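In: dropping the sequence and predicted coords here.
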Amino acid sequence: MNLQLLQTRLGYTFRDTGLLQQALTHRSHSALHNERLEFLGDSILNCVVASILYERFSHLDEGDLSRLRANLVKQQSLFEIAQKLELSQFLRLGEGELKSGGFRRPSILADTLEALLGAIFLDTGFDAARDVIRAFYLPLLETVDPATLGKDAKTLLQEFLQSKKISLPTYNVVATHGAAHSQEFEVECLVPKLNVQVFGRGGSRRAGEQAAARLALEAAQAATTKSPAARKSKPRTAQLKLGIATIQSSEPAAQQEQPGSKSA
């Protein structure tokens, strides 16, 4: 295991390599593992990202800043950073986790990244951890649209239609597919004024609505840039990405299927 390579990628060299080893150690490997370091790193990460957003987006209010921070520090975002570092090759996992592919698991990689930040803090102090975090996030923020980051498709569609003074869309479950334990919902999204009719599918009603909203937003944006005669949209079907559909499907079945339930 070439720990110097990892330190080069982090842009930080540990004084105490024992802290580095501990940060890379999953609880399945030994009693001296990284969970306490993860707790510490999570707090530091939230603080530094909040500081970056505060100084970079002076025009945003508390709600928008909180939305941006939540999106930037969520598991998927940390997992993507860990992948860029190729962190999986440095993990210290127990035999069971190795056999089950734990080195690829987003939760383990995200937690390890936080543990590394906690270890850097203990090794040298807050400023060093801050510098590493800023190196992760400043390039990312160059390509971020603060108006849309972290907003789901239904919210973006609603905001777009409101900006055009167009009535809000309607969603209808038109079909369900599959066995009861693995149902897939097909949802129609309609924007009558723009002749938009699209269909989305997902593992829950909410997931299907999000898939349909994503397509409807694309169709609505296209329709408002064309002449009225060219606005008619053909029905389309989209499959929501597995990761999002799985998250949506984790809700209790009763909540998923209630027509009046609140959808994100």
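Out: Looks like it came in fine.
In: list the residues that contact Leu91.
Out: When the contact criterion is Cβ atoms under 8 Å, 6 or more residues apart in numbering, the partners of Leu91 are 24, 26, 102-103, 108-109, 112. C-beta here means a position set from N, CA and C on the backbone, and glycine is covered the same way.
In: need those in CSV (columns: neighbour count and secondary structure).
Out: Formatted as CSV, the entries for the contacts of Leu91 read as follows, by neighbours: other Cβ atoms under 10 Å; DSSP: H, G, I helix; E, B strand; the rest coil:
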residue, neighbour count, secondary structure
Leu24, 23, coil
His26, 22, coil
Gly102, 19, helix
Phe103, 18, helix
Ile108, 23, helix
Leu109, 22, helix
Thr112, 27, helix
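In: from those residues, pick the one nearest Thr170.
Out: Relative to Thr170, the closest of these is Leu109; by Cβ to Cβ it sits at 40.3 Å.
In: quick check: that closest one touching Glu86?
Out: No: taking Cβ atoms under 8 Å as the contact criterion, Leu109 and Glu86 are not neighbours in contact, 10.1 Å apart.
In: re the thing from before, just give me the closest of the contacts of Leu91 to Glu80.
Out: Closest to Glu80 out of the contacts of Leu91 is Leu109 (9.4 Å), distances taken as Cβ to Cβ.
In: mind checking pLDDT for the closest one?
Out: At Leu109 the predicted local distance difference test score is 95.
In: count the neighbours of the residue nearest to it when sequence neighbours are not counted for me.
Out: In this structure, Leu109 finds its nearest non-sequential neighbour in Ala82, 3.9 Å apart by Cβ to Cβ, 6 or more residues apart in numbering. Using other Cβ atoms under 10 Å, the number of residues around Ala82 comes to 22.
In: what's in contact with the helix or strand harbouring Ala82?
Out: Secondary structure assignment for Ala82, by DSSP states H and E: helix 75-84. For helix 75-84, the external contacting residues (Cβ under 8 Å, 6+ apart) are 71, 88, 106-107, 109-110, 112-114, 136, 243.
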